[in-house]
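Trainee: I need the structure of the sequence given here:
(2 chains)
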Number of protein chains: 2
Amino acid sequence: MAVKVALNCLRVLCIQSHVVHGYVGNKIAVFPLQVLGIEVDYINSVQFSNHTGYAFVKGQVLDAASMKDLYLGLKANGLNKYTHVLTGYLGSPSSLEAVADIVSDLKKENSNIKYYCDPVLGDNGKLYVPPELVQIYQEKILPLSDVILPNQFEAEILSGIRITDEKSALNCINYLHKKYQIPTVIITSTNVTLSPVMYGYGSRLKNPMKNNHNNSSDLLNQTNGSVTNNTSKYDRVRFKIPHFDYHFIGTGDLFAALTLAHLETKIENENGQQIPKYSFKDAFQSVLSTIQTVLSKTLKISEGESLNLSESARIELKIIQSLDDIRNPILGDYVEEM
Amino acid sequence: MAVKVALNCLRVLCIQSHVVHGYVGNKIAVFPLQVLGIEVDYINSVQFSNHTGYAFVKGQVLDAASMKDLYLGLKANGLNKYTHVLTGYLGSPSSLEAVADIVSDLKKENSNIKYYCDPVLGDNGKLYVPPELVQIYQEKILPLSDVILPNQFEAEILSGIRITDEKSALNCINYLHKKYQIPTVIITSTNVTLSPVMYGYGSRLKNPMKNNHNNSSDLLNQTNGSVTNNTSKYDRVRFKIPHFDYHFIGTGDLFAALTLAHLETKIENENGQQIPKYSFKDAFQSVLSTIQTVLSKTLKISEGESLNLSESARIELKIIQSLDDIRNPILGDYVEEM
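Mentor: Below you'll find the predicted structure:
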């Protein structure tokens, strides 16, 4: 079968942090997207010297008015023609509300645009944003989202459902699907067992209504959230994520960017139709394989780094050295259908 | 001969503009450097919606104090370990002076660091920066520079020498070598003939004193600036640049980034020594071949772009689509030794 990747079909607006040194936020999301042939316009919500895992951080935050101003500049020139929006860490209520305004405006212009939201709130039981952001996510951001990628803690806070095992994880996913009418919910990792493998879950509504997920009758009709009843409505996968004894920074941002790239990239089939390049399962197989390779490569290269550097500096993800692994990951066995 | 590219030997600090949409400044410099395996930390001197070739521009300028603050954050964490600095457009006297302070500090920490300066002042007879920047370049920036990459207009303004033919171009180069003790002077293009080919010139002092170009006796002893007397002291090349009937934006920024990458990348020879990957001539052969391919590809892809877009939008350089051309340019015949 002759297939080819459709050139130039994805145009992403990415709103995240910029750090001068190291890899988080836009600094880790943009390069893989570009390497995979995706045009990325990116607004830097902050410009910091480095991420907050270092002893010192200096830099500036983009205020909400300035963020909107950048968007208005794009719009005035007719440049706001995006197929996707991706957002990550946004540290202040006003900037999160500015994002809601921007995404709303983009959806008015193009009802097919898809919004990938990584609702960055905290991890391992701790919030690292102001608590009022939770409500803004619930009231303004999640209802606009087509795909969300919380970690366990974020999924719990947004849903109010505690995750203690697989059943409660799936209940939490069902709640997020229904309450906010989000077609795709991905809990990127959970940490509820003592095993050295962490589990994550992806759940995508089969055949959502075209154009506007808010009108999806599939979602509105689900009044019973039990797992078994809904199984047939969803593509569902379980990720098995090997655990490393290092606190890598930026893996969540990388996960979100790669997920967008792999779930959204289309190829042309023999009839000239644009079809998804990967199945739901195979998309995550590529995402997790790439991430595992980046982490292994990071540890390998870090052995040669100067010991004068802090651990944070030594284990900054070796993303540019992984260019070929991003394009052609060596596939491992990280994902199973449920 | 078994050769390999040395991994991770180049760490560049790049200080230029950021635009959300399109490709100038850091937006066009960073991707090719990363694709060529070079670690880039980058400070965005502005964040604009797009470049100034569009009808509207919105955005923010990083003030000098904030720029220094970012550098101090890097320094406080011991992250300011760079092999090279690259600067491009800097719009205000205070930010240009901040760059001088940052480069001076980096040179105190590491006397081997090389500063690539593209002294962006204007083009085709017109300044597009405040006129007081010329003096700051002359007094503070050029004396710190190891490699400069002015266009014809910038070379004329910085030297006071009018370029009307090849002889005056080389006299201008000799003046810049001597007056500011700059080991490598590259005039990226001149427009002094009616021919459809533009000429550019690269000139590099052979065997500059190690560590500090300010102590180079080769340079200090040159009191006679005539072309023939100095020829043997320099590697000199002439570029033949095909002319396109389009006003591409960002080509100068791309030229500077690729020049740094190709002149500075080292390989290991069979004795385990690090040697330059390319000769002076071959480095520019790669630079110009890549740029010509990017421009051709840009025009080809732009034919398929929506006619609702402005020409500025349609001919934004197709840099991410040129990934393989950046890694492995198909070499044309653009450079000759002089």
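Trainee: Does A:Asp41 touch B:Val20 like I think?
Mentor: Yes: applying CB atoms under 8 Å, one finds A:Asp41 in contact with B:Val20, separated by 4.9 Å. Placement of C-beta: from N, CA and C, glycine included.
Trainee: C-terminal to the helix or strand harbouring A:Lys281, what's the next element?
Mentor: A:Lys281 is part of helix A:280-302, with elements assigned from DSSP states H and E. Moving toward the C-terminus from helix A:280-302, the first helix or strand encountered (DSSP H and E) is helix A:311-314.
Trainee: ok, now which ones touch the one residue sitting closest to the centre of chain A?
Mentor: Closest residue to the average C-alpha location of chain A: A:Ala256 at 2.4 Å, with CA atoms, centre = their mean. When the contact criterion is CB atoms under 8 Å, 6 or more residues apart in numbering or on different chains, the partners of A:Ala256 are A:29, A:86, A:88, A:116, A:118, A:149.
Trainee: if I've got this straight, it is in a helix?
Mentor: Yes: counting by DSSP: H, G, I helix; E, B strand; the rest coil, A:Ala256 falls inside a helix.
Trainee: measure it to chain B for me?
Mentor: 19 Å (CB to the nearest CB, to the nearest Å).
Trainee: just A:Leu10 next, same as before
Mentor: As for A:Leu10, its distance to chain B is 11 Å (criterion: CB to the nearest CB).
Trainee: same thing with A:Lys297?
Mentor: Here A:Lys297 is placed at a distance of 11 Å from chain B (CB to the nearest CB).
Trainee: ok, now A:Ser296?
Mentor: 15 Å.
Trainee: And the pLDDT at that residue?
Mentor: What the model reports as pLDDT for A:Ser296 is 94.
Trainee: Count residues in the vicinity of it, would you?
Mentor: By other CB atoms under 10 Å in any protein chain shown, the residues close to A:Ser296 number 15.
Trainee: Likewise for A:Lys126?
Mentor: A count of neighbours around A:Lys126, defined by other CB under 10 Å, yields 8.
Trainee: that's a strand at A:Leu13, yeah?
Mentor: Yes: counting by three-state DSSP, A:Leu13 is located in a strand.
Trainee: partners of it in the sheet?
Mentor: Here A:Leu13 sits in beta bridges with A:Asp41, A:Val85, going by DSSP bridges.
Trainee: residues touching it, list them.
Mentor: Residues in contact with A:Leu13 (CB under 8 Å, 6+ apart) are A:40-43, A:80, A:82, A:84-86, A:102, A:106, B:20.
Trainee: and A:Arg204, which of the three is it?
Mentor: Following three-state DSSP, the label given to A:Arg204 is strand.
Trainee: hey, what's it bridged with?
Mentor: A:Thr184, A:Asp235.
Trainee: Now do it, the pLDDT please.
Mentor: At A:Arg204 the predicted local distance difference test score is 97.
Trainee: who's in contact with it?
Mentor: With contacts taken as CB under 8 Å, 6+ apart, A:Arg204 has the following neighbours: A:183-184, A:234-236, A:280.
Trainee: The same query, at a cut-off of 7 Å, please.
Mentor: Applying CB atoms under 7 Å, 6 or more residues apart in numbering or on different chains to A:Arg204 gives the contacts A:183-184, A:234-235, A:280.
Trainee: any idea how far it lies from A:Glu316?
Mentor: From A:Arg204 across to A:Glu316, the span is 32 Å (CB to CB, to the nearest Å).
Trainee: ok, and what's touching stretch A:288-301?
Mentor: Residues from elsewhere that reach stretch A:288-301, judged by CB under 7 Å, 6+ apart: A:239, A:241-242, A:244, A:248, A:251, A:254-255, A:258, A:315, A:317-319, A:321-322, A:325-326, A:329-332, A:334-335, B:8.
Trainee: how does it look with 8 Å?
Mentor: Taking CB under 8 Å, 6+ apart as the criterion, the residues outside stretch A:288-301 that touch it are A:32, A:239, A:241-242, A:244, A:246, A:248, A:251, A:254-255, A:258, A:315-319, A:321-322, A:325-326, A:329-332, A:334-335, B:7-8.
Trainee: Can you list the buried residues in it?
Mentor: Neighbour counts using 16 or more other CB atoms under 10 Å in any protein chain shown place A:288-295, A:297-299, A:301 of stretch A:288-301 among the buried residues.
Trainee: And these, which two are furthest apart?
Mentor: The most widely separated members of these, counting by CB to CB, are A:Leu288 and A:Ile301 (20.3 Å).
Trainee: who touches the closest residue to chain B within the stretch 101-250 of chain A in this structure?
Mentor: Using CB to the nearest CB, A:Ile102 is the residue of the stretch 101-250 of chain A that sits closest to chain B, at 11.5 Å. With contacts taken as CB under 8 Å, 6+ apart, A:Ile102 has the following neighbours: A:13, A:15, A:67-68, A:71, A:85.
Trainee: Quickly check those for the two that are furthest apart.
Mentor: Of all pairs drawn from the contacts of A:Ile102, the greatest distance, 14.5 Å, lies between A:Lys68 and A:Val85 (CB to CB).
Trainee: quick one: the helices in chain A?
Mentor: Counting by DSSP state H, chain A has helices at residues A:25-35, A:64-76, A:93-109, A:132-136, A:152-159, A:166-180, A:217-220, A:227-230, A:251-264, A:280-302, A:311-314, A:323-327.
Trainee: Report the distance from the third one to the chain centre.
Mentor: How far helix A:93-109 lies from its chain's middle: 17 Å, per CA atoms, centre = their mean, to the nearest Å.
Trainee: Next, the buried residues of that helix.
Mentor: Within helix A:93-109, the residues that qualify as buried by neighbour count (16+ other CB under 10 Å) are A:93, A:95-100, A:102-103, A:106-107.
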